[in-house]
Structure formats: C-alpha cells, structure tokens
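1. Just need the structure, nothing else, for what follows:
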Amino acid sequence: MRYAVVIETTASGYSAWLPDLPGCVAAAETIDEVERLIAEAVAFHIDGLRADGLPVPAPRVTVSTVDVAA
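-> Residues are numbered from 1 along each chain as shown. Modelled structure (predicted):
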C-alpha cells in the first residue's frame, strides 16, 4: 500500500503525518530522517492495528500540487 505523507517545516526541523492513519507521526531535524522515521512509524502503526484486531485503513488520500503566482 502507498499512503500520502505530509511533511511540514517546524521550528526545529520537520514533522510528518498521514491523513489516512490518524496518530501516526514523526519528527526529525532533516527531511531524510523524518522520511525514514515516518516509514518506520507506519509499519509500527499497521502492526499495532493488526495485533489489536482492527482494520488497516486503505489509502484514500491522493496528492497533487498547484502552481501559484507569487
């Protein structure tokens, strides 16, 4: 499965979260690190859902970008 990940700049680096997996988050000083950590968090989150007998949400969010004149 492929989930959309939102990466945001913070005062101390970056944070990442997934609209389709509420509560699954990561934070780090670099984009590379936050990408690695969120991938680990997603695997951990899904393993926890399965262990608790809960359904794993299917990816529903798609990502697009728009160009805006400055």
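
2. Would you map the helices across this structure?
-> Per DSSP state H, the chain carries helices over the ranges 31-51.

3. Now do the strands in it.
-> 6-10, 13-17, 25-28 (DSSP state E).

4. Neighbouring strands of the first one in the sheet, and parallel or not?
-> In the sheet, strand 6-10 lines up against strand 13-17 (antiparallel) (DSSP bridges).

5. centre of the chain versus the strand it pairs with, how much separation?
-> Offset of strand 13-17 from its chain centre (Cα atoms, centre = their mean, to the nearest Å): 9 Å.

6. in it, what counts as buried?
-> Neighbour-count burial for strand 13-17, with 16 or more other Cβ atoms under 10 Å as criterion, is recorded at 14-17. For glycine as for every other residue, the C-beta is placed from the backbone atoms N, C-alpha and C.

7. With stretch 22-35 instead?
-> 24-28, 34-35.
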